[in-house]
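K.L.:
Build me a structure from this.
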Amino acid sequence: MNNDRAAEILHDVFKHAVDSARPGPVIPPVLPQKPKGRCVVVGAGKASAAMAAAVDAAWPDVEVSGVVVTRYGHAVPAGRIRILEASHPVSDAMSETAAMLIVESLRGLTEDDLVLALMSGGGSALMALPAPGLTLADKQAITRALLHSGANIREMNLVRRHLSAVKGGKLAAMAQPARVVSLIISDVPGDNPSDVASGPTVADSTTPGDALKVLERYGIAISEAVRDVLSKPLPQPAGTPNGEISLIATPAVALRAAAEAARRHGITPLILGDAIEGESREAAVVMAGIAKSVKQHSQPLGAPALLLSGGETTVTVRNGRAGKGGRNTEFLLSLACALQGERGIWAVAGDSDGIDGTEDTAGALIYPDTLTRGRLQGLNAASYLDEHDSYSYFHALDDLLLTGPTLTNVNDIRAILIV
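P.N.:
Residues are numbered from 1 along each chain as shown. Just a heads-up that it's a prediction; the model follows:
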């Protein structure tokens, strides 16, 4: 198999994984019973605008209104539902404004009304209303530190819930006495609804002290205001989050769609897991070992094979050396270094939302000659990896995976092809 054919297969596999989670097809079958009164749609996340558009189109005969916030560049028209854009992964002033407008949209509801909460990955940053006593700057500083610390998404969102006035079920409490139905596209390992967008409509079982322990574990300096908020016991809840929660798209479903695409190409898939975590470069070394075993020993399966995995790895920036890149391109550069040009092995890794970290690419592809082509351009792959500058390496080789915003988000999709 040549590089062009391998790339064609990997692009197709990635596309089918993403398509399985697109809001347009998945929203209409899961909509609840129409309300007697009005339907207020609220939401936050990279997929939320597309989710809102699907709701508006599906219910032309229902009194629909609401406010939804998504990432800059991810907005689509949603009819009667107002779409706002804000910053990700660090909140900005629009994140705070959006949160306030979402809260305002929930005022004056009755038992006959329905609140549809459309939540997806990215909502933690996009809908940011600081807890009493904190400012947006406090939250921004904590988020930046967590992003470079190596903390996993569960730890990050645990902290965010306790620094927020709307997360951890607080938004659902504000919607009472209306019925609340949450439709969630999961991007988190384990698919715990409280971790998606930090769970604005999901009751939280953690404490402020748990959040403080996370910050201490990673040596993150905090202001006196943050310490004060996290040192207080939980206040009596204003209300208990009520309603129904439905996971409508998940990483596991996306991987199954990718596996089916592989079978259509005559390739045997093996799903290694939808919740892979840990350092990107270390996960890559493990995956390289499995790929070599398939190639050399037909274990745990024989070639032609496709190793599939999902989840969210992390990148810990050390000594302040941070080039351009995200967890997927870092994974791939480490994988290429571990494979050392092993013949017959190709790979793709990308964020299903189309944006790997803060760059303009979903991820990249590697080939058996990735390191050789790099050396011909004077590029030392190991040095780029040490500098966390994987984007620049793959950009120089023209091997980036460019999809643009996909308007969904079921986290990372990784596929290693062995023939």
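
K.L.:
mind listing the strands for the stretch 101-250 of the chain?
P.N.:
For the stretch 101-250 of the chain, the strands defined by DSSP state E, counting those that start in this stretch cover 114-120, 179-185, 244-249.

K.L.:
Report all helices and strands that the shortest one contacts.
P.N.:
Based on contacts counted as 3 or more C-beta pairs under 8 Å, 6 or more residues apart in numbering; DSSP states H and E, the elements that strand 244-249 packs against are helix 23-26, strand 179-185. The C-beta positions use only the backbone N, C-alpha and C, and glycine is treated the same way.

K.L.:
The last one versus strand 244-249: what angle between them?
P.N.:
Taking axes from the mean of the first three to the mean of the last three C-alpha atoms, to 10 degrees, one finds strand 179-185 and strand 244-249 inclined to each other by 20 degrees.

K.L.:
what residues does strand 179-185 touch?
P.N.:
Residues outside strand 179-185 that contact it (C-beta atoms under 8 Å, 6 or more residues apart in numbering): 21, 23, 27, 30, 32, 35, 45, 47, 51, 111, 113-121, 172, 193, 196, 201-202, 241-250, 408-410.

K.L.:
Buried ones among those residues?
P.N.:
21, 23, 27, 35, 45, 47, 51, 113-121, 172, 193, 196, 201-202, 241-243, 245, 247-250, 408-410 (16 or more other C-beta atoms under 10 Å).

K.L.:
so which helix or strand takes in the closest residue to residue 363 other than its chain neighbours?
P.N.:
In space, and not counting its chain neighbours, residue 363 is closest to residue 350: 3.0 Å by C-beta to C-beta, 6 or more residues apart in numbering. Assessed by DSSP states H and E, residue 350 sits inside strand 345-351.

K.L.:
Pairing partners for the helix or strand following that strand, with directions?
P.N.:
The helix or strand immediately downstream of strand 345-351 is strand 363-366, counting by DSSP H and E. Taking DSSP bridges as the criterion, strand 363-366 sits next to strand 345-351 (antiparallel), strand 400-401 (antiparallel) in its sheet.

K.L.:
Check the average confidence over strand 363-366, would you?
P.N.:
Strand 363-366 shows a mean pLDDT of 98.

K.L.:
next helix or strand past it?
P.N.:
Downstream of strand 363-366 (by DSSP H and E), the next one is helix 370-376.

K.L.:
okay, that following helix in CSV with CA atoms only?
P.N.:
Taking C-alpha atoms only, helix 370-376 is exported to CSV below (Å, rounded to 0.1, in the frame of the first residue of the first chain):
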residue,chain,number,x,y,z
THR,A,370,7.7,11.1,8.0
LEU,A,371,11.0,11.3,9.7
THR,A,372,13.0,10.9,6.5
ARG,A,373,11.1,13.7,4.8
GLY,A,374,11.7,15.8,7.9
ARG,A,375,15.4,15.2,7.9
LEU,A,376,15.6,16.2,4.2
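
K.L.:
And that helix, what does it pack against?
P.N.:
Contact here means 3+ C-beta pairs under 8 Å, 6+ apart; on that basis helix 370-376 packs against helix 327-339, helix 381-386, helix 390-397.

K.L.:
If we use 6 Å, what do you get?
P.N.:
Helix 370-376 sits against no helix or strand, with contacts defined as 3 or more C-beta pairs under 6 Å, 6 or more residues apart in numbering; DSSP states H and E.
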